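Asker: how would this look folded up:
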Amino acid sequence: MGTLSSMIRHGFYPQRALFHFVLQALTNNRSQAGQVRRVLALMRQPRIQPDAAAYNYALRSQANAGFAGALLKDMLEAGVAPDRDTYMAMLRVCRMSRNMPRALEIFAEMEAANASFVDVQTWNMLLHAIVASGNPQSALQKVAEMTRRGLAPDAITCSLLLAAHAALGNRAEVDSIVSQMSASGMEVAPAYYRWVVEGYAQGGLMQRAEDALEAMLTRGTYHPHLAAALLRAHSNAADQPRVMYWLRRLSAAGHEPPPGAWNAAIDAAHKAGDADAADAAWCAAQPASGTQYREMRRRRGGVGWHVLHNRRAHSRDAASAVLDLSSCSIGWALAALCAEARELRNGSPSAFRYAYMGARRRPHAAVFDQIFEGMRDLGLQASEVPGATYFYKSEAPPRQPAG
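Answerer: Predicted coordinates:
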């Protein structure tokens, strides 16, 4: 990015293809998704107006429907007509952000703009967004509408249909779809295994979910997302033995359990009241999940802090790192604080750490009460940080002199 800016600053104006190359690279690195607006602005400086391809690359780098919507608005205001790839990129963002209402709006806008864009592929993108948003009944209704319009479902459509029926716990329909796919020579598309397994788990068909995961391990088609969905369902059911079984099974098969699997293990141990198991799972999770510490920066004016959520801290120095508990579960938060309490007790008397609670979807008071109660049980003292919302300073109480 700096090189591109420097070239333009010194009067060297790249061709449009170079801007496309930079934008395409950003689609593979979503931590830099915010840079796409800078690239589009740089295109305008040498009076090369961004074209549909540039906007489409920019949209594919986004995972937030709001940011993608702003890019689409810029595109329309610049007089650039969206093409089929534009709508496909927007539907993909809706799937990633699990935003069904916006997906339905985008599909309707696409139909109104150019009916030729509506085909099995775009329908599948819409269905994928609906299934990902956790609305299986709506997905079934849309499949029925699709077939009424004369479009024949393909393997991807059937995979999503299977996931929707599984999520609803419709055993008979699941068996029927599996039989129909087999008779037609169709298989579940590998990219959609996750949603089928997640559907089984959501619909309470746990044995089918386990059978599917075992088959994928055997066939070599396993993906980490599959285990995370299954273990999360077992954790939600407080089934600690099955969570531990699958952690061992994955390790035996040569697969490192993904971060989501460790999160499930910690939550299951917490629900079972097994603090030692939660602590052990937290310690085992660190090489896979990385630190829960994020970089933090002083706000302008030097008062208060803000968290850089996409920047993992390279150290636990209290001057630049904060324990980010803004989106993790209660079990995970308490396991992290347990490890922190242990380190603080073994550190210098003046040692302290920062924790960031963040704005949570659940009622703040109930969440904070559980976390603060856990901190007290661990022997930590917590205090609010002036000028920094949801920041708390945690420290071990002063040691009492011996004798």
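
Asker: Please count neighbours and contacts with C-alpha atoms only from this point.
Answerer: Noted.

Asker: buried stuff in stretch 243-252?
Answerer: 243-244, 246-247, 250 (16 or more other CA atoms under 10 Å).

Asker: I misspoke; the intended subject was stretch 80-96.
Answerer: Neighbour-count burial for stretch 80-96, counted by 16+ other CA under 10 Å, picks out 82, 85-96.

Asker: How about the residue nearest the centre of the chain, nearest residue that isn't a chain neighbour?
Answerer: Geometric centre of the chain, nearest residue: residue 96, 7.7 Å, by CA atoms, centre = their mean. Closest residue to residue 96 apart from its sequence neighbours, by CA to CA, 6 or more residues apart in numbering: residue 63 at 5.7 Å.

Asker: For the one you found, grab phi and psi.
Answerer: In terms of degrees, to the nearest 10, the main-chain angles of residue 63 are phi -120, psi 0.

Asker: That one is in contact with residue 98, isn't it?
Answerer: No - using CA atoms under 8 Å, residue 63 makes no contact with residue 98, being 9.7 Å away.

Asker: Show the pLDDT at the residue nearest to the centre of the chain.
Answerer: The score at residue 96 is 92. That number is its pLDDT.

Asker: residue contacts, it?
Answerer: Going by CA atoms under 8 Å, 6 or more residues apart in numbering, residue 96 touches 63-64, 129, 132.

Asker: Just to be sure, which of those residues are found in helices?
Answerer: 129, 132 (DSSP state H).

Asker: State the helix or strand in which residue 307 lies.
Answerer: Counting by DSSP states H and E, the element that carries residue 307 is strand 305-312.

Asker: Which strands and helices lie in contact with that strand?
Answerer: Contact partners of strand 305-312 among helices and strands, from 3 or more CA pairs under 8 Å, 6 or more residues apart in numbering; DSSP states H and E: strand 293-298.

Asker: who's in contact with the strand it packs on?
Answerer: So strand 293-298 is in contact with 304-313, 316, 320-324, going by CA under 8 Å, 6+ apart.

Asker: just the buried members of those residues?
Answerer: Of these, these count as buried by 16+ other CA under 10 Å: 305-308, 312-313, 316, 320-324.

Asker: Using JSON lines, please lay out those together with distance to residue 344 and pLDDT.
Answerer: Formatted as JSON lines, those follow (distance: CA to CA, whole Å; pLDDT from 0 to 100):
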{"residue": "305", "distance to residue 344": "22", "pLDDT": "79"}
{"residue": "306", "distance to residue 344": "23", "pLDDT": "79"}
{"residue": "307", "distance to residue 344": "22", "pLDDT": "84"}
{"residue": "308", "distance to residue 344": "23", "pLDDT": "83"}
{"residue": "312", "distance to residue 344": "20", "pLDDT": "80"}
{"residue": "313", "distance to residue 344": "18", "pLDDT": "80"}
{"residue": "316", "distance to residue 344": "11", "pLDDT": "73"}
{"residue": "320", "distance to residue 344": "17", "pLDDT": "82"}
{"residue": "321", "distance to residue 344": "15", "pLDDT": "85"}
{"residue": "322", "distance to residue 344": "14", "pLDDT": "87"}
{"residue": "323", "distance to residue 344": "13", "pLDDT": "85"}
{"residue": "324", "distance to residue 344": "17", "pLDDT": "85"}
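
Asker: could you flag which of the contacts of residue 96 are buried?
Answerer: By 16+ other CA under 10 Å, the contacts of residue 96 give 63-64, 129, 132 as buried.

Asker: Check the offset of the longest helix seen in the chain from the chain's centre.
Answerer: If you go by DSSP H, the chain has its longest helix at helix 330-346. Between the centre of helix 330-346 and the centre of its chain there are 24 Å (CA atoms, centre = their mean, to the nearest Å).

Asker: pLDDT (mean, whole number) over stretch 282-292?
Answerer: 69.

Asker: my bad, should have said stretch 169-178
Answerer: Stretch 169-178 comes out at a mean pLDDT of 92.

Asker: Would you mark the buried spots in that stretch?
Answerer: 169-170, 173-174, 177-178.

Asker: Now tell me what touches stretch 198-218 from outside.
Answerer: Residues contacting stretch 198-218 (CA under 8 Å, 6+ apart): 163-170, 197, 222, 226-227, 229-230, 233, 253.

Asker: What residues of the strand or helix carrying residue 23 count as buried?
Answerer: Using DSSP H and E, residue 23 sits in helix 16-26. Within helix 16-26, the residues that qualify as buried are 19-20, 22-24, 26, counting by 16+ other CA under 10 Å.

Asker: cool, and stretch 39-49?
Answerer: Residues 39-40, 42-43, 48-49 are the ones in stretch 39-49 that count as buried (16+ other CA under 10 Å).

Asker: picking up where we left off before, redo the buried ones among the contacts of residue 96 as JSON lines? Include distance to residue 263.
Answerer: Shown next, in JSON lines, are the buried ones among the contacts of residue 96 (distance: CA to CA, whole Å):
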{"residue": "63", "distance to residue 263": "22"}
{"residue": "64", "distance to residue 263": "24"}
{"residue": "129", "distance to residue 263": "25"}
{"residue": "132", "distance to residue 263": "20"}
